[in-house]
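Colleague: The sequence isn't on hand, but the structure is:
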């Protein structure tokens, strides 16, 4: 292609480049239409989130406005006293309890795994090992439920017995341990496995972002590998670890199938982790009751779902906020 | 940095210096702590592999028993009690159809949203969208199911169970994943390509369609595959809005639809069958056997999608200039 200088026709706008002159015609219309379309998609995301809230509120409203006595009359599993708050209360408690156990087991383990992958494993293997942990996330939750109740629950009985026997004086491990281990303890263990991949992935990212100079400075001062991690890696990664744990918490709060298939449900404010028939989570309760619920029952269940939605939303927003605050700082290194 | 000790100046001779540099002269306590940490960290990793190996092994060993062509090609219609019959054809079909429609809903919205964020997004709206996409990834799957139910119940009345409602629920879970991965891929497209295109006088929308998207298409396909793999195993929302059924239904807009995860749960819930003594055609554990075989099928589908995604990423990635 040869470009020869052409004389501009008289009267043409001299300041127009070819690109600009094109965008003034048909192309400009398409240009604007495309920009509008993609902006609209962005707005759709916000609208979708708003719609989730609005529709849940609309469907939950009847349960909140109907008197507790009438609800109790129309729904077989609604408590006689206490009303809707009395119904949600133990569920929220159970949800938080199961998620906290998962977090207490999962977070230290995930930090260890992430450190192993980022700082201990041979460089060449690191990526493959990380992929192995990610595989845990590829297993569907219903398979975890199947595994948890048919494989893990029978095997975890001796562990529960040991805990009840030696730590039984502590209210959390109050015995006797349930014989088929359909307890919140087992649920916590399975949930911990399920949230491992997300916590590990975020921690790994953060650990790898530790400024090299900090690590090398520590090494130059004669620090061992453990001391490098304690003095350079962990302080740098603290907020990252916190937000990773909160993301895991969000996952654990909303997990349905594993809880539904393992836990023997109950509606008590009980800290006895090793006893069955004490706890139930919001998500598992919805999945359990929804298929056979009548109109009032559905409305009540959606109201509990709304509570779960608000809790997870708060946890996730907090986590994201911590992450974004950290992003502002990390440039300083 | 209180734990760091200033090393003595290397005046004590070569021997001393070498001991310090190789760490041979460490106090035993620090050395032991370092060793212990190595062991702890390796143990943590080994511990994480235990459930992975255990799940894989159980699903394989128990699932292979019933996993054959017959199981894959018949439905559960007319199967009752401990009959040595029945399969998952209807569930596979339902899973594929519902996921297909979820993909058809999520990919256009997700991709356009990613384009907005990368190419157009400025200011407060873009920030809000980014933030809420992140927040949306944390929506519990059961809440997505409730949303789809609430939406369809307003139109079709209470008690509605539709395959497409399941697709809507899944797409709520899928959209943020698609946006995230597409956004990442679009950001990888070098700015030089865009500028070269502008310099040739190509309008912005054509630059995006013909240059940016074409460069990132492999990455986008990979991201979509991974997103599909993530939602195809979802159970709770489908349990709520797609319902359960024993026979084949190929119309997502009409009636209940069985899916693989819900099938697994349904079989698990039916539990052991009590057989009459001496009954010829009765297996007590038939429901669990079917559940494990279906779980194997589901995991195989998820793994195949993951593998496909990685293959696409490897073979169709744009050649880097070298």
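Modeller: Great, that's in hand. Everything quoted here is computed from the prediction, not taken from an experiment.
Colleague: Burial check on residue B:198, number of neighbours?
Modeller: Neighbour count for residue B:198, taken as other C-beta atoms under 10 Å in any protein chain shown: 15. The way it works is simple: take the backbone N, C-alpha and C, and place the C-beta from them, glycine included.
Colleague: Check what pLDDT it gets.
Modeller: Looking at residue B:198, its pLDDT stands at 90.
Colleague: Name the next helix or strand following the helix or strand encompassing it along the chain.
Modeller: According to DSSP states H and E, residue B:198 maps onto helix B:191-199. In the C-terminal direction, the helix or strand that comes right after helix B:191-199 (DSSP H and E) is helix B:204-206.
Colleague: Against which helices or strands is that next one packed?
Modeller: Packing contacts for helix B:204-206, counted by 3 or more C-beta pairs under 8 Å, 6 or more residues apart in numbering or on different chains; DSSP states H and E, involve helix A:26-65.
Colleague: What are the buried residues along the helix it packs on?
Modeller: A:27-28, A:30-31, A:34-35, A:38-39, A:41-42, A:44-46, A:48-49, A:52, A:55-56, A:59-60, A:62-63 (16 or more other C-beta atoms under 10 Å in any protein chain shown).
Colleague: so how far is chain B from residue A:305?
Modeller: Per C-beta to the nearest C-beta, to the nearest Å, residue A:305 is found 4 Å from chain B.
Colleague: State the number of residues packed around that residue.
Modeller: Residue A:305: 28 surrounding residues under other C-beta under 10 Å.
Colleague: Distance from the helix or strand hosting residue B:35 to the middle of the chain?
Modeller: Secondary structure from DSSP H and E places residue B:35 in helix B:28-63. Mean-position distance between helix B:28-63 and its chain equals 24 Å (C-alpha atoms, centre = their mean, to the nearest Å).
Colleague: Packing partners of that helix?
Modeller: helix A:83-115, helix A:123-138, helix A:141-147, helix A:184-208, helix A:225-228, helix B:286-315.
Colleague: And for the following helix or strand past it, what's in contact with it?
Modeller: Per DSSP H and E, helix B:28-63 leads on to helix B:69-73 as the next helix or strand towards the C-terminus. Under the criterion C-beta atoms under 8 Å, 6 or more residues apart in numbering or on different chains, residues B:87-89, B:92, B:290, B:293, B:297 lie in contact with helix B:69-73.
Colleague: buried set for helix B:69-73?
Modeller: By 16+ other C-beta under 10 Å, the buried positions in helix B:69-73 come out as residue B:71.
Colleague: So for stretch B:267-279, first residue to last residue, what's the gap.
Modeller: Using C-alpha to C-alpha, to the nearest Å, one end of stretch B:267-279 lies 21 Å from the other.
Colleague: For that stretch, give the mean pLDDT please.
Modeller: Mean pLDDT, stretch B:267-279: 81.
Colleague: can you tell if stretch A:32-49 touches chain B?
Modeller: Yes - using C-beta under 8 Å from any C-beta of the partner chain, stretch A:32-49 comes into contact with chain B via A:33-35, A:37-46, A:48-49.
Colleague: And for stretch A:207-216?
Modeller: No - judged by C-beta under 8 Å from any C-beta, stretch A:207-216 stays clear of chain B, getting no closer than 10.1 Å.
Colleague: One more: stretch A:99-114?
Modeller: Yes - Stretch A:99-114 lies within reach of chain B by C-beta under 8 Å from any C-beta, at A:108-109, A:111-113.
Colleague: List the buried residues for that stretch?
Modeller: With burial defined by 16+ other C-beta under 10 Å, the residues of stretch A:99-114 counted as buried are A:99, A:101-103, A:105-107, A:109-114.
Colleague: Could you list the residues in contact with that stretch?
Modeller: Stretch A:99-114 is contacted by residues A:133, A:184-185, A:187-189, A:191-196, A:199-200, A:203-204, A:207, A:241, A:244-245, A:248-249, A:252-253, A:273, B:40-41, B:43-45, B:47-48 when judged by C-beta under 8 Å, 6+ apart.
Colleague: Just the buried ones from those residues?
Modeller: Buried among these by 16+ other C-beta under 10 Å: A:133, A:184-185, A:187-189, A:191-196, A:199-200, A:203-204, A:207, A:241, A:244-245, A:248-249, A:252-253, A:273, B:41, B:44-45, B:48.
Colleague: Check residue A:87 and give its pLDDT.
Modeller: So residue A:87 comes in at 86 (pLDDT).
Colleague: In terms of helices and strands, where is residue A:278?
Modeller: Residue A:278 belongs to no helix or strand, assigned by DSSP H and E.
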